[in-house]
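**Q** Show me the folded form of this:
(chains A and B)
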Amino acid sequence: MKIGIVVFPGTNRERDMVIAFERVTGVTPTIIWHRETALPQLDMVVLPGGFSYGDYLRCGAMAAHSPIMHEIRAFAEKGGYIMGVCNGFQILTESGLLPGALLPNASLRFLSRDCHLRIERNDTAYTRGWKQGDVFRTATAHGDGNYFCDAENLKRLEGEGQVVFRYSSPEGEINPLNPEYNPNGSINAIAGIIDKTGRICGMMPHPEDMVDPLMGSEDGKPLFQGIMETLTR
Amino acid sequence: MSKPQLIVNEELGKEFGLSKDEYAKVLTIMGRTPSLTELGIFSVMWSEHCSYKSSRAWLRNLPTKAPWVIHGPGENAGVVDIGQGLAAIFKMESHNHPSFIEPYQGAATGVGGILRDVFTMGARPVANLNALRFGSPDHPATRHIVDGVVRGIGGYGNCVGVPTVGGEVNFHESYNGNPLVNAMNVGVARQDRIFLSAAAGIGNPVIYVGSKTGRDGIHGATMASAEFDEDAASKRPTVQVGDPFVEKLLIEACLELMATDAIVAIQDMGAAGLTSSAVEMAGKGGVGIELNLDHVPQREEQMTAYEMMLSESQERMLMVLRPDRTELAKEIFEKWELDFAIIGHLTDTGHIVIKHHDKTEADIPLEPLADEAPLYHRPTAPSPKPEPLGALDVNVSIEQSLIKLLGCADLASRSWIWDQYDSTIGGQTVYRPGQADAAIIRVDGTQIGLALTTDCTPRYCAADAYQGGAQAVAEAWRNITATGAKPLAVTDNLNFGNPEKPEVMGQIVAAIEGMKDACNALDFPVVSGNVSLYNETRDANGENVSVLPTPAIGALGVIDDVSKTIGNAFKADYDIVLIGATKGELGQTLWLREILGKETGNPPQIDLQAERRNGDFVRENIANGLIEACHDLSDGGLLVAAAEMAMAGNVGCTLDVPESGIRPEAYWFGEDQARYLVMTADKDALIKAAKAQNIPARDIGCTGGDSLVMPSGTITTIARMKTASKSFFEKLMKV
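**A** Sure thing, here's the model as predicted:
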């Protein structure tokens, strides 16, 4: 399994992602600078969290036009796997690789708190480590994580099972109107989605910060185990 | 457009903050009337903020050495040995005046400035903390200032990707017109790759990197050295504007360059910008420096030499490089899309020479600029003794008092604040805010843990500055001890009023004296710090109001195996033991203030021997596993500590009857020092071990259930306590 983590100016959670892959899968990812114009041989590209270009203009908007993104599109067309977390998710929606947009949190404040996610389907590379309906605890750290899309896209996402992670109560109850259980106000409490091919996934919370009991939880481990099972051949 | 010509004379010197005598000294050193740029340089270098002219004589008394101290005060930040060839580098610094004028940017640039002090020494920043003091919750400006400061700290820290893991907040009317924003940063470096600021190598190039220079922050250091008047808001243009995105690039570029052998010396451009960095680097190295301002990257047109030398534009660094590595350095900074300019070189003249448009704008001998900086032994006067404690007419039950205390400004849950700070980035945060008495982070790639805290109890300092100074140090030491880590060293941030007033100077001297005694008794040297004076504002009635004396202490401890640290949350079916003696001191307690509305009596007395003995005992018994959760007793005393441990763990407790001979309020809410509430599975062994060392230890109850059960049988649910605790910020911020 070969993983590449793309670093833009202002990316700041690349180290967390490296630690998580190393700890859970034993694989050390390659760091790729955004000005590269060719990707090495990879199975998966990860766009980690941070404030690419300072979140100026709009979160992820400038990174979506970075030189490396041309290669990442080509990688997607060739069947490569792409995971975007937090700012990475924002870059994926800004570049059109995933539908919708991440608006400012409903509270209009940055939110750094643990939340619970419910697994909506477990037949994807990203969720096969869980059972459908499982709930896991993870950290959030974002100012713009309020997922939104138009009615047509929402219908398609829900209808075709493209919603993979949803904010929930610790018991798995979904209530989009309760800020305790849907902390940023996302439509239908959507926390993470997948594209039609099942290979491109974006999510706001940070399972990569939840892979070590010393840091309070190993709840994020199944994500990396699932990726490993899918990509190890 | 031509600017009005300023005439350099004593009058202008006064406007720049130089006294008559100081201006005369400038004339003697220069042997002529200085140019405007020269006068500007003297005025900022001799400002209180840069020269510590009122406090320097006293700060010298603080202990600064220990076998584990690598660099004490005098460098950009303090450096201590944390084992395995690694060093922790840390410092705390105030950004009080800017935060009142423009809360968001004032607080944000406070975080940016302290980060630069740490990474300029070669460390990767790993944690932010802060100590905040706001005005009364009832004051109309408080909500706005809290909102701006919290957003500013989060906005900067979250973006640069350094977790904000701890801090403290107080509210008091003395801060109505003068909030205190003290930011602390901690970094980690290899001991053999620590970078200092002393310039060396005649002819070596002087390099400017980072953001461009603008007209922002001119005379910021001078502003920070004067009282506020009612038109403080007109000083908004002197507040700098931060760009955390550029700071992040600057961190990465500097650390990349620091992995090579290119850097001879490096310093950030903080207060007094290019002036202080150039003067200090050359001064420390005993060399001269010549700068050509034509090469300084500028973001505004037609800036004068005076403006460029005094600008406090953010995210800039000055470096001296090996000449043969200049190209390599340039490539790194270009990769990170940052400005890189050779703006001068080192000379053997011992002077700082500033050239601009082929004209010499300044030529000052460095030695007298530093050595003849003013040093004052200002007169002191003892503070008035606090009013006696007085009669205590109590008609509020213990349970009602507890609920009221848990919801009061100084004790209420701070989660509204810390939820806005990214505390997990980096993947090394073992205990987040509220989970342990000190924040615990692991050093990446090792099992080493760092324990970090900030502490001060200003109301104690106001009642007795000596006791308050000692208490701040002792509480920081206690908070680190309560996690199981070994306290190593202190950074201090002394916030006081106008030192030209003898009673304020008396507070400064007494607080430093208290700190000194505590640091000595606890082997807890001061390795860095900052002094912020003139924290006074004229109120609506024309009265000058000084802040409560606030010597904030930031502290760092270490533990070889971070998995051995403990938090402060109850688990079910354990026993609770109180370590330390309880006399029932009620003077200056939160109970007295919140329940009886009085701020009277002597603050709790510090017994440094007992602190040392009790703390060492607690640490030993955390290490051997006998103590599994621990909380030091401070604001609110025993019952508040028990309630906090219950809320942290969502596990209640049942408490036994108080000691005889102490009135119940004094037992439950007294703030006697040197005490810890500990959770143990073997109380007999723990109490026996304590008795063997003559340490007071008392079985006071057990954990379990979902409520706090008093000896009388009254029950307070955790849910009710949490509601009370959360209500304060919800109401203040109208969430």
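**Q** so residue A:89 sits in a helix?
**A** Yes. Assessed by DSSP: H, G, I helix; E, B strand; the rest coil, residue A:89 belongs to a helix.
**Q** partner residues bridging the nearest residue to it once chain neighbours are set aside?
**A** Leaving out its chain neighbours, the residue that sits closest to residue A:89 by C-beta to C-beta, 6 or more residues apart in numbering or on different chains is residue A:202, at 3.5 Å. From N, CA and C alone the C-beta is placed, and that goes for glycine too. The partner list for residue A:202 in beta bridges (DSSP bridges) reads residue A:84, residue A:193.
**Q** Low-confidence bits of the stretch 101-250 of chain B, can you list those?
**A** Where the stretch 101-250 of chain B drops to pLDDT under 70, the residues are B:220-238.
**Q** Can you pull the residues of it lying near chain A?
**A** B:151, B:154-155, B:158-161, B:243-246, B:248-249 (C-beta under 8 Å from any C-beta of the partner chain).
**Q** next one: chain B
**A** Counting by C-beta under 8 Å from any C-beta, chain B comes close to chain A at B:151, B:154-155, B:158-161, B:243-246, B:248-249, B:336-337, B:418-430, B:432, B:442, B:444, B:562-563.
**Q** Now the buried members of those.
**A** Taking 16 or more other C-beta atoms under 10 Å in any protein chain shown as the criterion, what is buried in these is B:151, B:154-155, B:158-161, B:243-246, B:248-249, B:336, B:418-430, B:432, B:442, B:562.
**Q** I'd like the distance from stretch A:115-130 to the chain centre, please.
**A** 12 Å (C-alpha atoms, centre = their mean, to the nearest Å).
**Q** quick one: it near chain B?
**A** No. Against chain B, stretch A:115-130 shows no contacts by C-beta under 8 Å from any C-beta, the least distance being 11.3 Å.
**Q** any idea of the mean pLDDT for that stretch?
**A** For stretch A:115-130, mean pLDDT rounds to 97.
**Q** so how far is the first residue of it from its last?
**A** Terminal residues of stretch A:115-130 lie 17 Å apart, using C-alpha to C-alpha, to the nearest Å.
**Q** Kindly report the same for stretch B:289-305.
**A** End-to-end distance (C-alpha to C-alpha), stretch B:289-305: 16 Å.
**Q** just stretch A:81-94 next, same as before
**A** 18 Å.
**Q** Tell me the residues of chain A that contact chain B?
**A** So chain A meets chain B at A:9-10, A:12-13, A:15-16, A:19-20, A:49-51, A:53-56, A:109-113, A:139, A:141, A:143, A:206, A:208-209, A:211-212, A:214-216 (C-beta under 8 Å from any C-beta).
**Q** So which residues of chain A form helices?
**A** Here chain A has its helices, by DSSP state H, at A:14-25, A:67-77, A:87-94, A:151-159, A:221-231.
**Q** now the third one against helix A:14-25, angle please.
**A** Spelled out, that is helix A:87-94. 100 degrees (axes from the mean of the first three to the mean of the last three C-alpha atoms, to 10 degrees).
**Q** Against residue A:4, how distant is the residue nearest to residue A:89?
**A** Noted for residue A:202: a distance of 17 Å to residue A:4, by C-beta to C-beta, to the nearest Å.
**Q** One more: residue A:18?
**A** To residue A:4, residue A:18 is 11 Å away according to C-beta to C-beta.
**Q** try residue B:612
**A** Residue B:612 is 53 Å from residue A:4, by C-beta to C-beta.
**Q** sorry, back to before: how about the residue nearest to residue A:89, what does it touch?
**A** A:83, A:84, A:85, A:88, A:89, A:92, A:93, A:98, A:192, A:193 (C-beta atoms under 8 Å, 6 or more residues apart in numbering or on different chains).
**Q** change it to 6 Å
**A** By C-beta atoms under 6 Å, 6 or more residues apart in numbering or on different chains, residue A:202 lies in contact with A:84, A:89, A:92, A:98.
**Q** Closest one of those to residue B:254?
**A** residue A:84 (28.6 Å; C-beta to C-beta).
**Q** Any figure for the gap between the closest one and residue A:33?
**A** The gap separating residue A:84 from residue A:33 is 17 Å, by C-beta to C-beta.
**Q** Chain A versus residue B:647, what's the distance?
**A** 16 Å (C-beta to the nearest C-beta, to the nearest Å).
**Q** Which of the three states applies to the residue in the stretch 1-150 of chain B that chain A sits nearest to?
**A** Nearest to chain A, among the residues of the stretch 1-150 of chain B, is residue B:150, at 8.8 Å (C-beta to the nearest C-beta). At residue B:150 the chain is in helix, as set by three-state DSSP.
**Q** pretty sure it contacts residue B:417?
**A** Yes. The pair residue B:150 / residue B:417 is scored as a contact, 5.4 Å apart, by C-beta atoms under 6 Å.
**Q** So for the two, which sits in the more crowded spot?
**A** residue B:150 (26 against 21; other C-beta atoms under 10 Å in any protein chain shown).
**Q** wait, what's in contact with that one?
**A** B:417, B:420.
**Q** distance of it from residue A:214?
**A** 28 Å.
**Q** so what's residue B:470 closest to, chain neighbours aside?
**A** Nearest non-adjacent residue to residue B:470, counting by C-beta to C-beta, 6+ apart: residue B:514, 3.7 Å away.
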